[in-house]
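*Asks:* Okay, predicted coordinates and the sequence, questions at the end:
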Amino acid sequence: MSPGSDDLSHVHEPVMVQEVLDYLGLAQPLTEERLIVDGTVGAGGHAAALLDADAGIRLLGLDRDPQILAHAERRLAPYGERVQLVRSSYMHLQDVLAAHQLPMPSGILLDLGVSSLQLDDMSRGFSFRGDEEVPDMRFDPTDDEAITAQYLLNHASERELVRILQEYGEEPRARAVVRGILRARPIQTIKELCEVAQQNALRGRRHHPATRTFQALRIAVNEELLHLERGLGHAIETLAPGGRLVVLCFQSGEERLVKVAFREAKLAGKGEVLTRKPVRATAEELRRNPRARPTRLRAFEVGA
Ligand SMILES: C[S@@+](CC[C@H](N)C(=O)[O-])C[C@H]1O[C@@H](n2cnc3c(N)ncnc32)[C@H](O)[C@@H]1O
């Protein structure tokens, strides 16, 4: 989710499914079995669409969040042995493939950000619709070494918080929000964080004023751009010859990283960028699923 999207947590529909299939090269019937990696399996919406597209597809699904993975396991159970799910960051894809003795994949999908299931579970602290819950926001709540948003809010320096809100949230009033956070310390609940954001953040027509602050904290807590930068490089190295990487971005920091990584891979002779410009959802999809509005798809094909 992003400043460009609302907290539409009731919507579970995967975005740009047809475009994902097209750019992964799966729109035509397959002549041989293929391994596709869904690096951010989430609720399993894209995974199910991929598996439905062709009986020759085998899927490795990864997610950092153990609770989401349990949900994906239930949803994808009908596909039996065609599916393997592993709790891991896509940043560690090469290790996962080696540990499970899997071949080089012919397609990798990354659908970045947070899933509607995570937003719906108020105890996770991702949603500004929460109340007395702790602003936790870790993708893996069993990781005791990972910092929480609450820790950042109460311990990070003013300068660090301003950087986080500007870089990851693109909050135009970052300094005012951070001054509000410092005044409100210690912040213990989602409600307290929301009040600070509501009083200080930029008010837009489309979004709740806390949207950018919540997005920024989530990206910082989970070091999402670090995982993305490393993950893109590994994905391109890991794909089989002629294999394709498709990334769905929701936020401009993510998009910049993808654009640069693809350009550098092309310059290094590793393959071709398939999307000269980012591809967006059709008007028809936007009518059905407004969550797709900020989505930008970029794709890369590794040299054969
Ligand atoms: C937008 S959702 C994916 C939704 C999914 N495509 C679907 O159709 O249901 C993003 C998911 O990626 C997971 N995630 C975020 N960063 C990750 C990473 N570095 N590695 C693996 N999973 C990650 C989140 O936990 C979340 O479940």
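*Replies:* Received it, and whenever you're ready, just let me know what you need.

*Asks:* Distance-wise, check the closest residue to residue 146 other than its chain neighbours relative to residue 123.
*Replies:* Leaving aside its chain neighbours, residue 146 sits nearest to residue 138 (5.0 Å; criterion: C-beta to C-beta, 6 or more residues apart in numbering). The C-beta positions use only the backbone N, C-alpha and C, and glycine is treated the same way. The gap separating residue 138 from residue 123 is 12 Å, by C-beta to C-beta, to the nearest Å.

*Asks:* Wait, the residue nearest to residue 146 touches residue 224, no?
*Replies:* No: counting by C-beta atoms under 8 Å, residue 138 does not reach residue 224; the two are 11.7 Å apart.

*Asks:* Report how many residues lie close to residue 210.
*Replies:* Neighbour count of residue 210, defined by other C-beta atoms under 10 Å: 24.

*Asks:* So which of residue 138 and residue 123 has more stuff around it?
*Replies:* Shown here are residue 138 and residue 123; by other C-beta under 10 Å, residue 138 has more neighbours (20 against 11).

*Asks:* can the helix or strand harbouring residue 248 be found next to the ligand?
*Replies:* Using DSSP states H and E, residue 248 sits in strand 244-249. No: using C-beta under 6 Å from any ligand atom, strand 244-249 never reaches the ligand; the gap is at least 7.6 Å.

*Asks:* again with stretch 60-74
*Replies:* Yes: applying C-beta under 6 Å from any ligand atom, one finds stretch 60-74 touching the ligand at 62-65, 68.

*Asks:* Stretch 136-149 now?
*Replies:* Yes: residues of stretch 136-149 contacting the ligand under C-beta under 6 Å from any ligand atom: residue 139.

*Asks:* how about that stretch: buried residues?
*Replies:* Using 16 or more other C-beta atoms under 10 Å as the test for burial, stretch 136-149 gives 136-141, 146-149.

*Asks:* Among those, which are located in helices?
*Replies:* Among these, the members falling in helices (DSSP state H) are residue 149.

*Asks:* quick one: the residue of the chain positioned farthest from its centre from the ligand, how far?
*Replies:* Using C-alpha atoms, centre = their mean, the residue of the chain lying farthest from its centre is residue 183. It sits 31.7 Å away. Using C-beta to the nearest ligand atom, to the nearest Å, we find residue 183 at a distance of 32 Å from the ligand.
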